[in-house]
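Student: Just a sequence and a predicted model for now, questions to come.
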Amino acid sequence: MRGPGPRADTGLATLVAASLAGLVSLACNFQIPEPSYLNRTKLLATRGEVVAFGPLNPDRVGIGTAPVSEAMPGDTFRFEAIVVDSDGHLLPTDEIDSLWFQCGDMQACSYVEDSGEPEPCAVDDELGMYTLDSWCELGGGDARFEFEIAALGPGIVSTRVARFYGVIAYDGRSAGECWELRKAREELLDGCAFVHRSVRIGPTWWLLAYAETQELESPIPVVQFPAPVYTQLANREPQPSISVTIEGELAGSYPEVDSFTVAPGERIVLEASFDLTAQYLQSYFVAREVEDSGSWWFELSPEFVGCNIYTSNNLHGVFSASPFNPLRSVVDVDAYAAPEPSRALLVCVDARYSEVVVALDFEVEAGS
């Protein structure tokens, strides 16, 4: 007579087989998200813009409608923290708290916990006005923070890049609380973001000539500057156009169109382009020393622009797509997508630290 063992073994085998089948099915349905997938609130970018021009070199403004992101001493400058939720929607300005520091040099920015408590950036009766070389606290606000670009110091004349450090708080946190946690070297800081933000000071050649009038030595002899370098315009934010192709068919282009309909499993290709005339005006001069001779020659360089992508809900960036192109992003719609809105956000940056965010909405068709 047969005992229950074989029947039990058969039942166990059936259970294991069913479990494995379930795991295989789950593996087919489950997609490990890329680091660019938005599954929590995230600081995407920090826009930098001159909102009021000071008295120096008014001709640098030139023509154009895009915000100017390269500053001179005396300009009023604004940082704007671009923070989005897990759906890719921008958090309201007043739901963000910020605290900003001027680093002075790279060392202060790199090791903020060891740099000591900075003094406020302010006029001192004995030391005079702080400069762009100072490590000090600028102040705080909401997502937008404005301040005046300080006077030149010998360090900034050497690099022409000012460095700042931002503490950005959201989800009920305060920037002061986040800063205290950072100084205590806490690692898990939900609701806190920290950003090293560089700002180009210039245009370079007019700035270096001005620095010598302030008894600050230019690293490149001003007497060797050719006249055309003084016509270099201030850098402006890149203004991308984005073509949206769905399953090989052009569906429209941003900024004319920013909302699209997709079906589960479809592939989206986003390609950024920039107005050729505007980009030509963003060209800048580069100085190169001739074999340590002390003599310099100057050439015009085009501006590099590239974009990073972030996605939410049913969209997943495909980073294995080749060949690599900093202006081309590939996105797949989840094969099991529900009929709900999703977003693709492109963060486009240029070689002189401008940042701009473009948001594109995609609605999955109901019943697909």
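Tutor: Arrived safely, thanks for sending. All values derive from a computational prediction rather than experimental measurement.
Student: those helices in the stretch 101-250 of the chain, which residues are they?
Tutor: 106-110, 154-159, 175-183, 204-213 (DSSP state H, counting those that start in this stretch).
Student: repeat for the stretch 251-368 of the chain
Tutor: Assigned by DSSP H, counting those that start in this stretch, the stretch 251-368 of the chain shows helices spanning 276-281.
Student: want to throw the helices of the stretch 101-250 of the chain into CSV with distance to Arg236, mean neighbour count and mean pLDDT?
Tutor: The way it works is simple: take the backbone N, C-alpha and C, and place the C-beta from them, glycine included. Output for the helices of the stretch 101-250 of the chain, formatted as CSV (distance: least, Cβ to Cβ, whole Å; neighbours: other Cβ atoms under 10 Å; pLDDT from 0 to 100):
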stretch, distance to Arg236, mean neighbour count, mean pLDDT
helix 106-110, 25, 16, 69
helix 154-159, 21, 18, 94
helix 175-183, 29, 18, 91
helix 204-213, 16, 19, 97
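Student: out of those helices, nearest to Thr261?
Tutor: Counting by Cβ to Cβ, Thr261 lies closest to helix 175-183 out of the helices of the stretch 101-250 of the chain; the figure is 39.7 Å.
Student: got the contact list for the closest one?
Tutor: Helix 175-183 has contacts (Cβ atoms under 8 Å, 6 or more residues apart in numbering) with 97-99, 112-113, 140, 167-169, 189, 191-192, 194.
Student: Show me where the stretch 251-368 of the chain dips below the pLDDT cut-off.
Tutor: The model of the stretch 251-368 of the chain has pLDDT under 70 over residues 320-323, 367-368.
Student: what about 80?
Tutor: Applying pLDDT under 80 to the stretch 251-368 of the chain flags residues 320-324, 366-368.
Student: okay but Trp296 is in contact with Pro219, surely?
Tutor: No: checked against Cβ atoms under 8 Å, the pair Trp296 and Pro219 is beyond contact range at 10.2 Å.
Student: what about burial for the contacts of helix 175-183, which qualify?
Tutor: Among the contacts of helix 175-183, those buried by neighbour count (16 or more other Cβ atoms under 10 Å) are 97-99, 112, 140, 167-169, 191-192.
Student: For the residues you listed, give me CSV that also has pLDDT.
Tutor: Output for those, formatted as CSV (pLDDT from 0 to 100):
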residue, pLDDT
Asp97, 98
Ser98, 98
Leu99, 97
Val112, 66
Gly140, 96
Val167, 96
Ile168, 97
Ala169, 97
Gly191, 95
Cys192, 96
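Student: Tabulate these (a markdown table), appending distance to Ala338.
Tutor: Below are these laid out as a markdown table (distance: Cβ to Cβ, whole Å):
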| residue | distance to Ala338 |
| --- | --- |
| Asp97 | 34 |
| Ser98 | 35 |
| Leu99 | 39 |
| Val112 | 43 |
| Gly140 | 40 |
| Val167 | 37 |
| Ile168 | 32 |
| Ala169 | 32 |
| Gly191 | 28 |
| Cys192 | 32 |
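Student: Pick the one among these closest to Asp350.
Tutor: Closest approach to Asp350 among the buried ones among the contacts of helix 175-183 (Cβ to Cβ): Ile168, at 22.0 Å.
Student: Just to check, Ser86 is in contact with Tyr310?
Tutor: No: Ser86 lies out of contact with Tyr310 (Cβ under 8 Å); the separation is 10.7 Å.
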